[in-house]
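Based on what follows, work out the 3D shape:
(chains A and B)
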Number of protein chains: 2
Amino acid sequence: MTIAERWLLPDGIEEILPPEAARIEALRRLLLDEYRLWGYDLVIPPSAEYLESLLTGVGHDLDLLTYKLTDQATGRLMGLSADNTQQVARMDAHSLPKQGVARYCYSSNVLHAKTTHLLSSRSPIQIGAELYGYSGASSDIEVVALMLTSLNKAGLERITLDLGHIGIYQALVEASGLGEDEQAELFQLLRRRALPDLAQWLTTASLAEPFRQWFSSLPRCAGKFEELAKWKNAFQGVPQEVFVALDRLEQVAEAVQQRFPEVHLHLDLAELRDFNYHTGLVFSAFVPGFGQAVAKGGRYDSTGKVFGRARPATGFSSDLKILASQTTLRWQEAPGIRAPAEPDAELSATIAELRQQGERVVQSFADQEHLAELGCDRELIKHDGHWIVKTLSTQQAN
Amino acid sequence: MTIAERWLLPDGIEEILPPEAARIEALRRLLLDEYRLWGYDLVIPPSAEYLESLLTGVGHDLDLLTYKLTDQATGRLMGLSADNTQQVARMDAHSLPKQGVARYCYSSNVLHAKTTHLLSSRSPIQIGAELYGYSGASSDIEVVALMLTSLNKAGLERITLDLGHIGIYQALVEASGLGEDEQAELFQLLRRRALPDLAQWLTTASLAEPFRQWFSSLPRCAGKFEELAKWKNAFQGVPQEVFVALDRLEQVAEAVQQRFPEVHLHLDLAELRDFNYHTGLVFSAFVPGFGQAVAKGGRYDSTGKVFGRARPATGFSSDLKILASQTTLRWQEAPGIRAPAEPDAELSATIAELRQQGERVVQSFADQEHLAELGCDRELIKHDGHWIVKTLSTQQAN
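Model (predicted):
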């Protein structure tokens, strides 16, 4: 291995350099502060857990994303955290004492064994918020509102919100009498939106006629809020649960349209999710020119059941790296003050005081070169026996 | 596996709950802000790298701490980050453009395959600062001063600073003529401070008489700064490099004593480090009643050589979890304001305004129970057609 190869990073695993890292830190603080103002308490999920607690009850996709490690102390298999939501659900079910509504937020690095999209990161910095213990529409509305508000504060503009409800598909499948394998095939066809393949598959599937029609219609029911009434007509005779889901979707869509009139609302009755833990309203936010969601979430009631406490749950998350790439906010490090490194008590006191005032004071050492790299526009100099701040000329700064 | 077992976390891998997580976040911001004021730019090291870049040039101990994973895209072995310092050194050597002195800081989760001490965490949240490109004593003094200042700001009190210099041991070993295996044995004996075993080993080792004497004296040369002159007498005739190291140690100790008179200074000529990358001044900070260092660091010149750029380097790091356990600062979440969740534009605007002012406003949903868990001492109510903030009686708060 040559020196040139030694520093190559694995595909999709990034290091973050200045000034990008400072931007990500600023966004992190801004979002966590907003979550806090809405009553969401910070938790820090562990970076690895035993596989049973990490993957019980979740889908095959999340399993494939999860790196497996052997715990040397016990010989048991652990998984690296690939998605914080499951972990927070476990914490709510077991570790946390609240009996009523509980709100939690988090921000931590996750690692994926493979990419989820072409060119996507395998090491997102996940940040998100979760609400437990309430199943009514007002909790769906709160998390969507928090997601949109925090994207707004984070400087993301021209947001499109996709809204769907997993309950529509789930109620239809449950009533359809499809076997497990057929269900999996149908899920994949709808998830990929492979319409010709779906049409072909539906002609041979063991389905009663109205279900064939309903599954065929589902991926076409996508568009503006105003079209929802029209779509409802296509579903006459469906199980009652489908209409319960449609009503919830309508209620949340209406509230979002009212509170965020600038957001482009897009409804999609065939919206499905990879990790297989969602059960109700699901939502994703997009910005122009970026192919993946900048934030997404949804309801995942009863995830905590495998840990002994089934609770209604809804939440959302983002990748700070993606948010930093799409923000319109601009951060600029203010120029600092250069100070000599001398064992002088008055100098030390002056430097400490300037830093106390928020000034960045960077020491320059004896014989140091490349001083311009320090990013200073002023310097501390001794004048009449006292240390004073003086502006650097462009020439001096170098 | 029963439900009760499913939530057990692996030994040494912790989740962090409220309010502890908020304390850790507050400390994180406080330290990163202090580093920034001293001119240290934030970087975010990757959570995994190929083994060649992660472990080239470091000791066996770090290798043993590092979890290995197969990169599914290339089949090559990756390691999970177990120590950020090596990663930042690689970034300075390869990814970062500065030619002169460069300062970087970071805070990120690392994962250890085994514990380093009895009861120590396997998932520290490492936070630290590194200075590249200068070998003079003033850079050693700067990083020690930054470490002590930030421990101070973080509310750690009654700090003891251990100071040593790896160059003393290294120069003696180099001149001693010891073979590689014998060097490793001697290193372990000194590292463990196994004085009787060391005495026994020295009687049989192939060493010239003065070396036997010097290695025997080394672990006894530990104590107050004032004793340094006395220890020097024990080393008459040693290679010149030992005195160069002793002079550096003296210079830094003097500066620290002057700037931080409240810090208990403890010198130790036999101070060695596990990860084997240190080359010069090394230092650790301790507080009463806690058996491990709360922060430690040292000089590690030339680490970047394997990546094509050998640079002088020094820095330090801490574990935020340890700092949070030892801080005397107290954070208390201020009580919030309870607000109903209703589709009322004036209510939404009032809530947004209160949050803008820094108030935590928590929605309560219809029929919600356990309201005391929301931690509010006021509520928003409609009075004469307007939303106003009213204090909750103790009874109402529940």
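
For the rest of this, base every contact and every neighbour count on C-alpha atoms.
Noted.

Tell me where the stretch 151-300 of chain A has helices.
A:166-176, A:180-192, A:195-204, A:209-217, A:228-234, A:240-259 (DSSP state H, counting those that start in this stretch).

For the shortest one, buried residues please.
By neighbour count on 16 or more other C-alpha atoms under 10 Å in any protein chain shown, the buried set for helix A:228-234 is A:228, A:231.

Then stretch A:373-391?
A:374-381, A:387, A:389.

Any idea which residue of the stretch 1-150 of chain A lies closest to chain B?
residue A:37 (4.1 Å; C-alpha to the nearest C-alpha).

gap between that residue and residue B:11?
Noted for residue A:37: a distance of 34 Å to residue B:11, by C-alpha to C-alpha, to the nearest Å.

cool, and residue A:276?
According to C-alpha to C-alpha, residue A:276 and residue B:11 sit 29 Å apart.

And the helices of the stretch 151-300 of chain A: which comes nearest chain B?
Using C-alpha to the nearest C-alpha, the nearest of the helices of the stretch 151-300 of chain A to chain B is helix A:240-259, at 7.1 Å.

got the contact list for the closest one?
A:137, A:140-141, A:144-145, A:163-165, A:167-169, A:171-172, A:225, A:228, A:263, A:265, A:280-281, B:343, B:345 (C-alpha atoms under 8 Å, 6 or more residues apart in numbering or on different chains).

Narrow these to those that are buried.
A:137, A:140-141, A:144-145, A:163-165, A:167-169, A:171-172, A:225, A:228, A:263, A:265, A:280-281.

more crowded one of residue A:37 and residue B:11?
Neighbour count, other C-alpha atoms under 10 Å in any protein chain shown: between residue A:37 and residue B:11, residue A:37 has more, with 22 against 16.

ok, residue A:46 touching residue B:17?
No. Using C-alpha atoms under 8 Å, residue A:46 is not in contact with residue B:17, being 10.6 Å away.

Between the two, point out the one with more neighbours.
The neighbour comparison of residue A:46 against residue B:17 (other C-alpha under 10 Å) goes to residue A:46, with 21 against 18.

could the buried residues of stretch A:373-391 go into a markdown table alongside distance to chain B, secondary structure and pLDDT?
Compiled in a markdown table, the buried residues of stretch A:373-391 are given as follows (distance: C-alpha to the nearest C-alpha, whole Å; DSSP: H, G, I helix; E, B strand; the rest coil; pLDDT from 0 to 100):
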| residue | distance to chain B | secondary structure | pLDDT |
| --- | --- | --- | --- |
| A:374 | 8 | helix | 95 |
| A:375 | 9 | coil | 95 |
| A:376 | 10 | strand | 97 |
| A:377 | 13 | strand | 97 |
| A:378 | 14 | strand | 98 |
| A:379 | 14 | strand | 97 |
| A:380 | 14 | strand | 97 |
| A:381 | 17 | strand | 96 |
| A:387 | 18 | strand | 97 |
| A:389 | 16 | strand | 97 |
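
Can you tell me which of these is nearest residue B:90?
residue A:374 (20.5 Å; C-alpha to C-alpha).

gap between that closest one and residue B:286?
For residue A:374, the distance to residue B:286 - C-alpha to C-alpha - is 32 Å.

Check residue A:160 too.
Residue A:160 is 53 Å from residue B:286, by C-alpha to C-alpha.

Residue A:112 now?
37 Å.

so the most centrally placed residue in chain A bridges to which residues?
Nearest to the mean C-alpha position of chain A, by C-alpha atoms, centre = their mean, lies residue A:318 at 1.6 Å. Beta-bridge pairing for residue A:318 (DSSP bridges): residue A:127.

Residue A:110 is in contact with that one, correct?
No. If you go by C-alpha under 8 Å, residue A:318 and residue A:110 don't touch, sitting 11.7 Å apart.

count of neighbours near residue A:346?
12.

wait, what's in contact with the residue lying closest to it once chain neighbours are set aside?
Excluding the flanking residues, the one nearest residue A:346 by C-alpha to C-alpha, 6 or more residues apart in numbering or on different chains is residue A:387, at 7.6 Å. Going by C-alpha under 8 Å, 6+ apart, residue A:387 touches A:346-347, A:350, A:380-381.

what do you get for residue A:78?
A:48-51, A:68-71.

Nearest spatial neighbour of residue A:42, chain-adjacent residues omitted?
residue A:105 (4.8 Å).

Okay, and residue A:135 sits in which element?
Using DSSP states H and E, no element contains residue A:135; it sits outside every helix and strand.

How much space separates the residue lying closest to it once chain neighbours are set aside from residue B:353?
Spatially, and ignoring its direct neighbours in sequence, residue A:135 is nearest to residue A:312 (5.3 Å; C-alpha to C-alpha, 6+ apart). With distances taken as C-alpha to C-alpha, residue A:312 is found 29 Å from residue B:353.

same thing with residue A:352?
Residue A:352 is 36 Å from residue B:353, by C-alpha to C-alpha.

One more: residue A:392?
For residue A:392 relative to residue B:353 (C-alpha to C-alpha), the value is 43 Å.

between the two, which one's more packed in?
residue A:392 (16 against 12).

Any idea what the residue lying closest to the more buried one once chain neighbours are set aside is bridged to?
Among residues not flanking residue A:392 along the chain, residue A:378 sits closest, at 4.8 Å (C-alpha to C-alpha, 6+ apart). Residue A:378 forms beta bridges with residue A:337, residue A:391, as assigned by DSSP bridges.

Compute the number of surrounding residues for residue A:136.
12.

Check residue A:104 too.
As a burial measure, residue A:104 scores 24 neighbours (other C-alpha under 10 Å).

thinking it is in contact with residue A:38, fair?
No. Residue A:104 is beyond contact range of residue A:38, at 10.2 Å (criterion: C-alpha under 8 Å).
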